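Novice: Quick one, structure for this:
(one chain, ligands or ions: 2)
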Amino acid sequence: MTSALKVRTPNFDFREVPVHWATNIELVQMINATNLVPAYIEPFLIKVTRRAKALLDPHADAELIEDLDVFNKQEAQHFKVHAAFNRRMREAGYDGMAEIEAAFEAEYDQMLTQRSLRFLLAYCEGFEAAGGVATESWVNGDFDRHLGPTASEPGEMWRWHLAEEYEHRTVIHRLYHRLYGQPKVIAWPYRLYGFFFSLRHFGGHVDRMTRYLLSVDHASLDAPARAEAAARMKAVRRQMRLSMQMTRKALNVLSPGYDPARLPKPRDYEAVLARYS
Ligand SMILES: [Fe+2]
Ligand SMILES: [Fe+2]
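Specialist: Ligands and ions are numbered 1, 2, ... in the order given. Predicted coordinates for the structure are as follows:
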């Protein structure tokens with residue numbers, strides 16, 4: 001038996017990519033700030049799943065174990081690529097990122113020593129489900145409508161990443177339910193607790209990083225230009241919140257019968273992955 005999941009090793013090179021790689025600078029920096037998340041959460045995912053794997057039955061759970069092994073290799077590729085992008089940003093003058101990154105990483109180290117495996121898996125499942133909420137918009141290129149003309153290397157990085165998130169979307173959900181799926185009356189609210197906890201946790205750090213990146217960008221602006229930038233930022237946040245497609249997907253995650261296996265395949269899913277096969 002072999003896993004249906006595949007490991008791909010794309011060759012992104014960010015050395016020449018401008019920090020403002022599209023015209024909507026406030027949106028670009030919000031996306032750039034989001035690179036923080038996979039660079040630190042995905043090494044954490046790997047550590048958590050290794051711990052969980054030790055509790056599985058090598059025979060009865062053989063299929064899940066094989067998928068987990070490929071899942072971890074995919075996540076390892078993801079975090080390396082996003083870490084390379086963060087390095088590019090630091091070298092381009094945003095060296096204050098390092099402090100925010102270190103604080104985020106330290107919180108994961110603390111969770112690993114202080115929280116139960118059930119909590120850690122619920123957190124990881126919450127993160128994977130949150131990725132599922134954004135997948136279709138990225139894979140199908142809907143985000144590009146908001147970005148304006150773009151040097152698309154970073155956008156392409158997210159498309160590749162989220163297409164693989166779609167490919168491995170069931171793995172943590174299956175693992176969580178295999179180990180902590182009973183009784184359902186507890187497994188469901190606890191999964192929601194993990195979802196909201198993770199959203200709040202990494203979302204808070206992304207906000208902090210966005211504010212930092214834009215504080216550097218806006219430092220040289222005069223007062224009227226700064227007010228315009230603040231208005232653009234507000235508009236970006238409103239656009240994000242009002243995406244009905246994403247709201248529907250987030251509500252789906254809350255349902256007791258939520259099963260990522262049933263998420264519809266993004267239109268361009270195969271086309272995106274074919275570029276890396
Ligand atoms: Fe990932
Ligand atoms: Fe993932």
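Novice: going forward, measure contacts and count neighbours with C-alpha atoms only.
Specialist: Will do.
Novice: Could you list the low-pLDDT ranges of the stretch 51-200 of the chain?
Specialist: Scanning the stretch 51-200 of the chain for pLDDT under 70 picks out 148-151.
Novice: show me where it has helices.
Specialist: If DSSP state H, counting those that start in this stretch is used as the criterion, the helices of the stretch 51-200 of the chain fall at 62-91, 97-114, 117-139, 144-147, 153-167, 171-180, 184-218.
Novice: export those to TSV and tack on distance to Arg238 and mean neighbour count?
Specialist: Output for those, formatted as TSV (distance: least, C-alpha to C-alpha, whole Å; neighbours: other C-alpha atoms under 10 Å):
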stretch	distance to Arg238	mean neighbour count
helix 62-91	26	19
helix 97-114	25	14
helix 117-139	16	23
helix 144-147	12	14
helix 153-167	21	22
helix 171-180	30	20
helix 184-218	14	17
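Novice: Save those as CSV, and put in distance to Met240 too.
Specialist: What follows is those, written out as CSV (distance: least, C-alpha to C-alpha, whole Å):
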stretch, distance to Met240
helix 62-91, 22
helix 97-114, 23
helix 117-139, 10
helix 144-147, 10
helix 153-167, 16
helix 171-180, 26
helix 184-218, 13
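Novice: Of those, which is nearest Leu27?
Specialist: Judged by C-alpha to C-alpha, the one of these that comes nearest to Leu27 is helix 144-147, at 7.0 Å.
Novice: Backbone dihedrals for the residue nearest to Val216 when sequence neighbours are not counted, please?
Specialist: Spatial nearest neighbour of Val216, chain neighbours left out: Tyr94 (7.4 Å); criterion: C-alpha to C-alpha, 6 or more residues apart in numbering. Phi and psi for Tyr94, reported as degrees, to the nearest 10, are phi -100, psi 50.
Novice: Starting from Arg226, give me the distance back to Tyr94.
Specialist: Note on Tyr94: its distance to Arg226, by C-alpha to C-alpha, to the nearest Å, is 19 Å.
Novice: Neighbour count: those two, which is higher?
Specialist: Legend: neighbour count by other C-alpha atoms under 10 Å for Tyr94 and Arg226, higher for Tyr94 (18 against 15).
Novice: quick one: the residue nearest to Val216 and Ser215 touch, right?
Specialist: No: here Tyr94 lies out of contact with Ser215, judged by C-alpha atoms under 8 Å, at a distance of 10.1 Å.
Novice: Find the residues that touch each one of the two.
Specialist: Both Tyr94 and Ser215 lack any common contact, where contact means C-alpha atoms under 8 Å, 6 or more residues apart in numbering.
Novice: Tell me which residues touch Glu105, please.
Specialist: So Glu105 contacts Tyr40 (C-alpha under 8 Å, 6+ apart).
Novice: how close does Ala103 sit to Gly96?
Specialist: Distance check for Ala103 against Gly96: by C-alpha to C-alpha, it reads 12 Å.
Novice: Kindly report the same for Pro10.
Specialist: Here Pro10 is placed at a distance of 28 Å from Gly96 (C-alpha to C-alpha).
Novice: Mind checking the helices of the stretch 51-200 of the chain for the one nearest to Ser277?
Specialist: helix 153-167 (11.0 Å).
Novice: just checking, what packs against that closest one?
Specialist: Taking 3 or more C-alpha pairs under 8 Å, 6 or more residues apart in numbering; DSSP states H and E as contact, the helices and strands that helix 153-167 lies on are helix 62-91, helix 117-139, helix 269-274.
Novice: Using CSV, list the CA coordinates for stretch 123-131.
Specialist: Extracted in CSV, the C-alpha atoms of stretch 123-131 (Å, rounded to 0.1, in the frame of the first residue of the first chain):
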residue,chain,number,x,y,z
TYR,A,123,-5.0,22.9,17.6
CYS,A,124,-3.4,21.3,14.6
GLU,A,125,-6.7,20.2,13.2
GLY,A,126,-8.0,23.8,13.7
PHE,A,127,-5.1,25.1,11.7
GLU,A,128,-5.6,22.6,8.9
ALA,A,129,-9.3,23.4,8.8
ALA,A,130,-8.4,27.2,8.6
GLY,A,131,-6.1,26.4,5.7
